[in-house]
Structures are given as structure tokens and as C-alpha cells.
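Student: return a 3D structure for these sequence lines:
(chains A, B, C and D)
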Protein chains: 2
Amino acid sequence: MNRAPLAHIVDDDEAIRDALAWLFQTCGVPSRAWMSGDDFLADYDPAMRGCVVLDVRMDGMSGPECLVQLLARGCTMPVIFLTGHADVPVAVSALKKGAFDFIEKPFNDNELVNVVIDALALDARRQANAAARAGTSARLASLSARERDVMERILAGKLNKVIADELDIAVRTVEVHRARIFEKMGVKSAVELAQVVSGGG
Amino acid sequence: MNRAPLAHIVDDDEAIRDALAWLFQTCGVPSRAWMSGDDFLADYDPAMRGCVVLDVRMDGMSGPECLVQLLARGCTMPVIFLTGHADVPVAVSALKKGAFDFIEKPFNDNELVNVVIDALALDARRQANAAARAGTSARLASLSARERDVMERILAGKLNKVIADELDIAVRTVEVHRARIFEKMGVKSAVELAQVVSGGG
DNA sequence: TTTAGGGTTGCGGTTTTCCACAATTGGCGC
DNA sequence: GCGCCAATTGTGGAAAACCGCAACCCTAAA
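Tutor: Model (predicted):
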């Protein structure tokens, strides 16, 4: 089951992996570990939830390289970097790419756990938002091409008669499309329609 | 005139201030310099536009302290840090607080200028958005209490008769309020109203 | 060929919206 | 008190939206 929120640990040092896994477990945070960025990317699934705890310097793929790959695959999980070497440009670059945090070793256990918990909470919020947006997108996708033509003009605030004129069809036809759009989008009025498409998708 | 976009240089080293000012000038970027965070904060005005180029380590107030003060005063200008000392926690903290970039000295002149130009562009975009939102807020504030009651219900997609029932007034009165709301908010339909209040304010 | 779905249209009728004209009430500042 | 403004209401009519019913055309799949 990929859908349970996990702390995804990626580190080439077995001692660190074990220590992190143990630390997280004692704090009630489920985790799973990988020994390289390549291994993690091989298992990566967009349905994975939680956060990623990524070592910066590893054999093979580096942490930042792994971040780039994850972003390229549309990963939205917060990524927390761990580093043993002071390297400001790397930290700046990672954070500007969207990393959630960048922590120097040795780190305070409690601090790391708090960061991970914050990251998990952020992911949960994002997940909820994404679900809402996905619902709207799905409804939007269920509209026919013609219905989208009409909806576009409804959202522009145009009257049915104007829409009919622009699309060169009868007003009655616009009314039918309009009703079907409302039904498919699960709204009762043009106002609600405007809100779901501009506020939630 | 505070409103012209400037690169606001804050550094306690006169040589650096002059060098930066000269660098910016040769690239067509107007700038002004301060010799301490306190001095800059004393002159700070929310109407200032552009970006801030802030040294991390200075006599008196540090760069990060200055950032905190600026944020507390609602400053939205992008802040670029310059630092001569590798300090990952400071960099991470600054970026997580919203700093635009964090650059180590010695830096490449061209790179810094590009960052400043990006920051100025970002500020210009934000400024445009803020202006639009301020306009909407101003219009919103011009509504009477009763008009706000009605608008709230219009945005909930309710029919005039339902609104009249809820507010215990005649449908005709709701119509009048409705028309006045549209007029004051500068829109022609309920759909546009929903878009300006949920998308732009 | 039959079936299914999308797009289209007309008819007739109800409901809402939108507006011009006209008027009343109550608070507030001069 | 007087004038101003927000809030309120009514009348009456034109325009638009909304709906159920029935139907036709066309394309793609079974």
C-alpha cells in the first residue's frame, strides 16, 4: 500500500538509515528506507504520500540530483535534506527548488522529528487540496467540447442570447448545455460555477 | 519619490556599498545605499518599491534581524542576502522566512545583477497584483452594511426571493441593493462579481 | 442495421431578473 | 428644523432564464 503517509529515508549509510528509522519509529512516524537515490526513484510512485528525508552527499546520485528527478516526475512530497558538510550554494539551490528544509549534521533528534512532522502535515494539507482540485478537473473533463464552449462564455458573464449568437446556435440549445454543465459540475448556479473553477481548479 | 523601483543596498562596508552602487548603475539599475539596518529601517516606507540587497554580518543589526523587522512592517520587496561566511543555518532560515536569494561572496557580478533584475521583476508583478487587490478592497469597503449582507448571499448563489426571505425585506429591495452592488463593484453580472471577489481579493 | 450519445431546435409556460417611476422612513450633521 | 443619505417598498412591464416534452440529424460502436 503506497498510500499511507511515510517518511521516506534515502541515505547510503546503513547506520544512519537505521538510526533515522528507529528515531521515527519511537516518535510514531512510519518510515521506509532506501540506500540510494536510484533505488528510491526506481520505487517512486506518484501515489506515495508523506515526506522525503534525503542525504545530500551519497554514492551515485546526489541528494540534489534526486530532488530534480523527483520534481521532474511531479513529486509533491516535502523534501528534507540532511548534510554533513557546510555548503551554502547547495542549500540555497535546494530551497529555491522547493525543498522543505535543509538540516546540518549533527542535528538535534527532536528538531528533525518536528520538521518531519511539519512536513507530513504540509503534505496532508496539499493532498486534501489536490483531491478537491482533482474532483473539479474530473468534472471539467466530463464536459463535451460544446459544453466547454458554452461554459467559457458563461464564465465571461455573457447572456444566453449572446452566447447563442456567438456560437450561431439557438438560445434553447444554450439553455440545454447550460443545464447540463451545472449538472455535471455539481453546482446550482453560474455563481457557484465561477467559484469552483476559479477557486478550486 | 519613494515609488520608483530601486535596489536598496544595506551594508556597513563603504567599499562594498560603492562597488554595488557602481555595478548596478552600469547595468541600468537605480540604487540607493544605507550603512546599517537601523538606518534603512528608519527610512523604510511601505511605498518603497524594488528589492533589498542586504549584508548578513554587519555592525549593529544583522541582516537576518533586519529581514525580520522588514517582514514585521509588511515589506513585500524581495530581499537578497550577501554573505562572506559559509553559514548554512542562517541561509536556510533566511530563505524559509521568504528571502529571495542568498549569495556567497565573492560573487560573480553578472550573476548578482541577474538576481537583482529577477527580484525587481518579481516585485513589479507583486505590485501589479497588489494594486488590483487594493482596488477590489476599496470597492468592497464602499458598500453599505446592508449591501454586504446581500452580496454575501448573492455569492452563495441564492435567488433574490430567498435573500429577501432571509433578510426579511421585499424582493424589490434586494433588486435595488443588487444593482447598486454591481455598480459599485464595477461588474455587470453576478458571475463577474464572484470572480473579482474570489479571484482578486 | 440497430443502438447510443451528442448536438440541435421548437413550443409553451413559469419563474426571475432588471428597470423606470414614485414614495416613505429614520438617522445625522448643519 | 432642513437637507442628505441609506434603506425600504410598490407598481407595472420588458427581457431573460429555466423547464418539460417532443423531435431531428449525425457519428460511432455493437
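Student: if I look at residue A:54, how far off is DNA strand C?
Tutor: 46 Å (CB to the nearest atom of the strand, to the nearest Å). Glycine gets a C-beta too; all of them are placed from N, C-alpha and C.
Student: could you find the closest non-adjacent residue to that residue?
Tutor: residue A:63 (4.4 Å; CB to CB, 6 or more residues apart in numbering or on different chains).
Student: was I right to think the one you found contacts residue A:69?
Tutor: No. Contact criterion CB atoms under 8 Å: residue A:63 and residue A:69 do not qualify, at 10.7 Å.
Student: residue ranges with poor pLDDT in chain A?
Tutor: A:1-2, A:200-201 (pLDDT under 70).
Student: OK, contacts around the residue nearest to residue A:54?
Tutor: A:10, A:37, A:54-57, A:81-83, A:94 (CB atoms under 8 Å, 6 or more residues apart in numbering or on different chains).
Student: just say helix, strand or coil for the most centrally placed residue in chain A.
Tutor: By CA atoms, centre = their mean, the mean C-alpha position of chain A lies nearest to residue A:76, the distance being 3.4 Å. Residue A:76 falls in the coil class when you classify it by DSSP: H, G, I helix; E, B strand; the rest coil.
Student: what's the distance between the residue nearest to residue A:54 and chain B?
Tutor: Using CB to the nearest CB, to the nearest Å, residue A:63 is found at 14 Å from chain B.
Student: in contact with the residue of chain A most remote from its centre, which residues?
Tutor: In chain A, counting by CA atoms, centre = their mean, residue A:170 sits farthest out from the average C-alpha position, at 42.6 Å. Residues near residue A:170 by CB under 8 Å, 6+ apart: residue A:164.
Student: again, only using 10 Å
Tutor: Residue A:170 makes contact with A:164, A:176 under the criterion CB atoms under 10 Å, 6 or more residues apart in numbering or on different chains.
Student: so residue A:51, which state does it fall into?
Tutor: Assigned by three-state DSSP, the conformation of residue A:51 is strand.
Student: now residue A:89
Tutor: Three-state assignment for residue A:89 (three-state DSSP): helix.
Student: helices - which of the contacts of residue A:63 land there?
Tutor: A:37, A:94 (DSSP state H).
Student: which one of the contacts of residue A:63 is nearest DNA strand D?
Tutor: Of all those, residue A:37 has the smallest distance to DNA strand D: 43.5 Å, by CB to the nearest atom of the strand.
Student: surely residue A:169 meets residue A:153?
Tutor: No. Residue A:169 lies out of contact with residue A:153 (CB atoms under 10 Å); the separation is 11.5 Å.
Student: quick one, which of the two is more surrounded?
Tutor: Of the pair residue A:169 and residue A:153, residue A:153 is the one with more neighbours under other CB atoms under 10 Å in any protein chain shown, namely 20 against 16.
Student: residues contacting residue A:199?
Tutor: Neighbours of residue A:199 in contact, by CB under 10 Å, 6+ apart: A:132, A:136, B:194-195, B:198-199.
Student: now for the residues you listed, which pair is the farthest apart?
Tutor: Greatest spatial distance among those (CB to CB): A:132 and B:195, at 18.7 Å.
Student: so chain A: which segments form each domain?
Tutor: With domains defined by automatic domain parsing, chain A comprises A:5-134, A:142-199.
Student: quick one, strands of chain A?
Tutor: Assigned by DSSP state E, the strands in chain A fall at A:5-10, A:31-34, A:49-55, A:79-83, A:101-104.
Student: partner strands of the fourth one and their direction?
Tutor: What it means is strand A:79-83. Within its sheet, strand A:79-83 is paired with strand A:49-55 (parallel), strand A:101-104 (parallel), according to DSSP bridges.
Student: which neighbours do residue A:169 and residue A:153 have in common?
Tutor: Residues touching both residue A:169 and residue A:153 (CB under 10 Å, 6+ apart): A:163, A:177.
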